[in-house]
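*Asks:* my questions concern the predicted model and sequence given below.
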Amino acid sequence: GLVFRARLDNNSMEYVVRMRVLTQGGTVTNTHDQLLIEGADEVVFLITADTDYLINFNPDFTNPKTYVGVNPEETTAYWINEAEKQGYEALYQAHYADYTALFNRVKLNLTNSSDFRDMPITQRLSRYREGQKDFYLEQLYYQFGRYLLIASSRPGNLPANLQGIWHNNVDGPWRVDYHNNINLQMNYWPVYSTNLAECGTTFVDYMDKLREPGRLTAERVHGIKGAVDNHTGFTVHTENNPFGMTAPTNAQEYGWNPTGAAWAVQNLWWHYEFTQDEAYLKNTIYPIMKEAAQFWDSYLWTSEYQKINDETSPYHGENRLVAAPSFSEEQGPTAIGTTYDQSLIWELYNECIQAGKIVGEDEAVLQSWEEKMQKLDPIEINATNGIKEWYEETRVGQETGHNKSYAKAGDLAEIAVPNSGWNIGHNGEQRHASHLVGLFPGTLINKENPTYMNAAIQSLTERGEYSTGWSKANKINLWARAENGEKAYKLLN
């Protein structure tokens with residue numbers, strides 16, 4: 001067999017990969033780290049891999065080995081020896097039983113179609129892109145997503161990252177980390193609706209594990225007093241990883257994202273909504289939710305010029321509670337109270353109020369959250385009948401021949417919003433829709449409020465159909481939530 005041993009350059013994490021070959025007949029020779037198999041009737045490859053990483057819910061950041069645990073030399077050797085003892089058939093049967101217990105929970109059948117079942121996938125994809133119907137390919141695509149989550153996110157391990165768990169190099173785009181500004185959340189959007197709740201617990205555990213470093217970020221970056229010692233708030237910005245990175249990093253327009261934890265909590269709340277497990281909510285999920293809300297209890301401030309513009313609210317006309325500094329994630333200028341941040345904080349308080357009533361939270365706490373929620377006033381409508389992305393936004397116009405956002409602050413002249421992303425990819429179309437998080441995955445924008453819903457549809461229409469991969473998935477969900485199945489299906493195929 002072969003053994004690969006190495007350490008990462010940046011943090012010295014040790015990893016070991018072992019390969020062992022089992023043959024029937026023939027010969028196996030190992031020369032210069034290459035296996036040569038000759039004359040075999042059957043070949044079985046056994047592979048085990050591990051690192052010395054330790055999942056640590058209470059890290060000591062003065063200890064350089066706070067995330068160091070097992071010896072991968074020992075674990076990989078034990079596993080491969082045990083695998084050889086069991087043999088291929090026993091390993092296969094154990095895997096099949098484990099996998100099908102999850103996979104077989106859901107069956108999707110579209111028009112009973114099995115056409116082209118025997119055609120190679122590459123040919124079917126080419127036909128599909130040319131407009132040929134292939135409902136069985138759509139069924140397969142749906143189940144492929146479930147398969148990836150089953151294979152990459154299981155209890156006791158880390159959740160699926162930007163590349164799932166698979167990559168062809170030691171390093172990769174964005175350090176193969178976790179992005180809490182849609183990417184990580186998006187990985188887990190289908191987990192509950194496709195009946196894979198067990199696969200979602202890894203995300204719950206990951207957010208729990210980030211609370212301790214997130215308290216440091218809350219206290220040292222955001223000035224939340226007592227966050228470390230008294231657990232009065234935590235947050236997670238865009239780029240984070242299993243080694244406790246929660247602070248803002250790299251470019252400000254995407255690195256600064258204090259609502260990263262608030263957005264992640266939404267996925268955690270879904271776990272309760274789908275499973276109705278009150279004990280798990282009370283003991284595991286709610287403490288994370290509450291501490292995320294406590295961060296905003298301290299961090300929100302009252303704007304002197306942004307007013308609450310909601311005639312149904314008892315606070316109509318009063319100063320607005322805002323997040324600042326604030327970004328409409330990955331684009332636009334540094335601002336105050338963007339729709340993206342305000343909506344996510346509103347959703348967080350709304351979820352915490354619902355959860356708090358179930359677990360018996362103090363009524364005064366619930367009333368405080370209700371008041372703050374109403375003073376956020378996340379949704380404003382611009383002059384072209386779309387959802388404002390920034391409080392100061394006036395309209396989406398076409399003075400340059402294609403769509404562009406415009407804004408006016410106070411007595412200053414109206415200007416085109418800088419760095420607003422309309423020219424990325426296709427002029428006048430836009431892959432970002434951060435101000436529509438209240439439509440999906442949120443609940444703030446819904447058909448019970450036709451004013452909000454119609455404005456969201458206007459904003460979606462303005463953004464066009466051009467998208468990168470993650471953005472297209474997001475737009476499909478946004479159009480579906482707007483109850484426009486035809487548009488969602490068009491974007492799918």
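*Replies:* Right, received. Where do you want to start?

*Asks:* identify each buried residue in the longest helix along the chain, please.
*Replies:* Identified as the longest helix of the chain according to DSSP state H is helix 72-103. Residues Pro72, Thr75, Thr76, Ala77, Trp79, Ile80, Ala83, Leu102, Phe103 are the ones in helix 72-103 that count as buried (16 or more other Cβ atoms under 10 Å). To be clear about C-beta, it is placed using only N, CA and C from the backbone, and glycine gets the same treatment.

*Asks:* ok, now which ones touch the first one?
*Replies:* The contact partners of Pro72, taken as Cβ atoms under 8 Å, 6 or more residues apart in numbering, are Glu14, Tyr15, Val16, Ala49, Asp50, Thr51, Asp52.

*Asks:* Asn168 versus that one, what's the distance?
*Replies:* Using Cβ to Cβ, to the nearest Å, we find Pro72 at a distance of 20 Å from Asn168.

*Asks:* try Thr302
*Replies:* If you measure Thr302 against Asn168 using Cβ to Cβ, the figure is 51 Å.

*Asks:* between those two, which one's more packed in?
*Replies:* Set side by side, Thr302 and Asn168 show more neighbours around Thr302, with 11 against 6, by other Cβ atoms under 10 Å.

*Asks:* any chance you could list what contacts the worst-scoring helix or strand of the chain on mean pLDDT?
*Replies:* Least confident element among the helices and strands of the chain, by mean pLDDT, DSSP states H and E: helix 252-255 (a mean of 86). For helix 252-255, contacts defined as Cβ under 8 Å, 6+ apart pick out 181, 237-239, 248-249, 327, 329-332, 334, 419.

*Asks:* a markdown table for those residues, including neighbour count and pLDDT?
*Replies:* Below are the contacts of helix 252-255 laid out as a markdown table (neighbours: other Cβ atoms under 10 Å; pLDDT from 0 to 100):
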| residue | neighbour count | pLDDT |
| --- | --- | --- |
| Asn181 | 21 | 94 |
| His237 | 25 | 97 |
| Thr238 | 29 | 96 |
| Glu239 | 23 | 95 |
| Pro248 | 19 | 96 |
| Thr249 | 16 | 92 |
| Phe327 | 26 | 94 |
| Glu329 | 25 | 90 |
| Glu330 | 20 | 87 |
| Gln331 | 22 | 87 |
| Gly332 | 25 | 90 |
| Thr334 | 13 | 93 |
| Asn419 | 10 | 86 |
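
*Asks:* reformat those as TSV; add secondary structure and distance to Ile445.
*Replies:* Listed next are those as TSV, based on DSSP: H, G, I helix; E, B strand; the rest coil; distance: Cβ to Cβ, whole Å:
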residue	secondary structure	distance to Ile445
Asn181	coil	19
His237	coil	25
Thr238	coil	23
Glu239	strand	28
Pro248	coil	28
Thr249	coil	31
Phe327	strand	20
Glu329	coil	17
Glu330	coil	20
Gln331	strand	20
Gly332	strand	20
Thr334	strand	25
Asn419	coil	25
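
*Asks:* picking up where we left off before, in the least confident helix or strand of the chain, which residues are buried?
*Replies:* So helix 252-255, judged by 16+ other Cβ under 10 Å, has buried residues Glu253, Tyr254, Gly255.

*Asks:* which of the contacts of helix 252-255 lies closest to Asn195?
*Replies:* When these are compared for distance to Asn195 (Cβ to Cβ), Asn181 wins out at 27.2 Å.

*Asks:* I'd say the closest one and Pro248 touch.
*Replies:* No - under the criterion of Cβ atoms under 8 Å, Asn181 is not in contact with Pro248, lying 11.3 Å apart.

*Asks:* and for the two, which residues touch both?
*Replies:* Here Asn181 and Pro248 share the contacting residues Thr238, Asn257, scored by Cβ under 8 Å, 6+ apart.
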